[in-house]
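> This is a predicted model, with the sequence first.
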Amino acid sequence: MTLASRALVQYMVLQGDLQREPLSWPLGALVVQACHVALAVVHAHYEHPDTEEYLAQGSSMRTVVLEAPDECALTALAETLQQNSIDHKVWTEQPDNIATCIALRPCPKEHVHQYVKKFKLLK
């Protein structure tokens, strides 16, 4: 299968209420959460063929950043991914011990879209 026929994507889902009252995290802090979790999941699955193929795409890599309404929704997603053996990483910010973001290992869109389709693009 060629790269063109395999739509590899890395999904990230951030806890959206972090940017709203009462937490009011600045945009930079949210970006850092996404960077941390993206690097962590790629590191954990660096030798997986899909990850290698994704990274080889260079500036053509496709990443989709979505928003979970709150930590409960993020935790529920993590449980669903775990139950379905979908490789992912939950980033837990310390010392607050808040699950802030989930990144899925880069993989074919058709394998994982069903688990994240209910979430909207992060705004």
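That came through, no problem.
> how much space between residue 66 and residue 53?
Distance, residue 66 to residue 53, by CB to CB, to the nearest Å: 22 Å. C-beta here means a position set from N, CA and C on the backbone, and glycine is covered the same way.
> mind listing what residue 37 touches?
Contact analysis of residue 37 by CB atoms under 8 Å, 6 or more residues apart in numbering lists 12, 89-91, 100-103.
> got the buried residues for stretch 38-48?
Using 16 or more other CB atoms under 10 Å as the test for burial, stretch 38-48 gives 38, 41-42, 45.
> Take those residues and keep only those in helices.
The helices, defined by DSSP state H, take in 38, 41-42 from the buried residues of stretch 38-48.
> Just the buried subset of the contacts of residue 37, written out for PyMOL, thanks.
What follows is the PyMOL syntax for the buried subset of those, where burial is set by 16+ other CB under 10 Å:
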select buried, resi 12+89+90+91+100+101+102+103
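> Mind checking which of the contacts of residue 37 are in helices?
Using DSSP H, none of the contacts of residue 37 sit in helices.
> from the contacts of residue 37, which is closest to residue 122?
residue 12 (8.4 Å; CB to CB).
> Show the pLDDT at that closest one.
We have a pLDDT of 97 for residue 12.
> ok, it - contacts?
Contact analysis of residue 12 by CB under 8 Å, 6+ apart lists 34, 37-38, 63-66, 101-104.
> ditto for residue 42
10, 51, 55, 105-106.
> and what of residue 30?
Contact analysis of residue 30 by CB under 8 Å, 6+ apart lists 14, 18-19, 100, 122.
> likewise residue 17?
23, 69-71.
> next one: residue 64
Contacts of residue 64 (CB under 8 Å, 6+ apart): 9-12, 116, 121.
> Give me the pLDDT value at it.
On the pLDDT scale, residue 64 gets 96.
> partner residues bridging it?
Listed beta-bridge partners, residue 64: residue 11 (assigned using DSSP bridges).
> rewinding a little: including pLDDT, could the buried residues of stretch 38-48 go into JSON lines?
Shown next, in JSON lines, are the buried residues of stretch 38-48 (pLDDT from 0 to 100):
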{"residue": "38", "pLDDT": "96"}
{"residue": "41", "pLDDT": "98"}
{"residue": "42", "pLDDT": "97"}
{"residue": "45", "pLDDT": "97"}
